[in-house]
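Trainee: What follows is a predicted protein model with its sequence.
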Amino acid sequence: MKERYDDLDEYIADLKKEIEANAQCATHYYNLGLALLSKRDFVAAEEALLNAVRNSPHLAEAYVQLGGICLERGDLEGCLHYNEEAANCRAKFPIPWSNIAFVHLQRGEPDKAIAALRKALKWDPKFIQAKNALATAYYMKGDFKASVEACRELLAQEPGFAPAWNNLALALFDLKEYDQAVEAADKARELGFEVSEGFLEELKPHRK
């Protein structure tokens, strides 16, 4: 295989040739799966990634990608299953823990989400998406002070992360810190986040 490809189809063709020569190479199947995902060919990508884990049952990254394919088709159970497999393969891999939390948030299970996110952040304390999901989980649970704290910690690290400004605005609003909520919502919008129209209407009476 070449060191560099300018054409994705040529790269895919070469990977398929390599697999024909060595059908037990999990890495080639995994790379093929990623290449097919970039073409949004989810069916073929899933087949390649399943072959990857058949040949290397501890390939955690492949399970994560399979979970993403499940999510693409709205299969939360499959997404959870594959990310749990990834976490079982590599307990210190933060991405599957964050994905597990995402499923729990979608199901309205904030406590389970928080437990998974604490594991994600244990292995990667700067994981922005996990920190934002933690703020969301606290908000969903009704612990608005913890949500504000999580948002502020995230924004100290990444002040341009718009979703955290939106989460901060929501939590501050529920704490009746209206002036600060307005400022946070405006900052989220300034950074390109689409704050919900309903929330903006609720903020209107508190604008000066």
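Mentor: Good, I have the coordinates. This one's a predicted model, so the numbers in the text were calculated from it and none came from an experiment. Residues are numbered from 1 along each chain as shown.
Trainee: so Y29 touches N51, yeah?
Mentor: Yes: if you go by Cβ atoms under 8 Å, Y29 and N51 touch, sitting 4.3 Å apart. The C-beta positions use only the backbone N, C-alpha and C, and glycine is treated the same way.
Trainee: what about L203, distance to A113?
Mentor: 27 Å (Cβ to Cβ, to the nearest Å).
Trainee: out of Y29 and N51, which sits in the more crowded spot?
Mentor: Between Y29 and N51, counted using other Cβ atoms under 10 Å, the more crowded position is Y29 (26 against 21).
Trainee: For the more buried one, list the residues it contacts.
Mentor: If a contact means Cβ atoms under 8 Å, 6 or more residues apart in numbering, then Y29 has I19, A48, L49, N51, A52, N55, A62 as its contacts.
Trainee: swap the cut-off to 10 Å and go again
Mentor: Y29 sits next to 15, 18-19, 23, 47-56, 59, 62 when contact means Cβ atoms under 10 Å, 6 or more residues apart in numbering.
Trainee: Sort out for me which of the residues you listed are in helices.
Mentor: Per DSSP state H, helices hold the following members of the contacts of Y29: 15, 18-19, 47-55, 62.
Trainee: Can you pick out the residue with more neighbours from L203 and A113?
Mentor: Legend: neighbour count by other Cβ under 10 Å for L203 and A113, higher for A113 (26 against 18).
Trainee: Check the offset of the one helix or strand that one maps to from the chain's centre.
Mentor: In this assignment (DSSP states H and E), A113 forms part of helix 110-123. Relative to its chain's centre, helix 110-123 lies at 13 Å (Cα atoms, centre = their mean, to the nearest Å).
Trainee: How far off centre is the helix or strand that it is followed by?
Mentor: Reading on from helix 110-123 to the C-terminus, the next helix or strand found by DSSP H and E is helix 128-141. Distance of helix 128-141 from the chain centroid (Cα atoms, centre = their mean) equals 12 Å.
Trainee: So what touches the helix holding A113?
Mentor: 83-84, 87, 90-107, 109, 127, 129-143, 146, 150.
Trainee: mind running it again at 8 Å?
Mentor: Applying Cβ under 8 Å, 6+ apart, the set of residues contacting helix 110-123 from outside is 87, 91-95, 97-98, 100-102, 104-105, 127, 130-131, 133-134, 137-138, 140-141.
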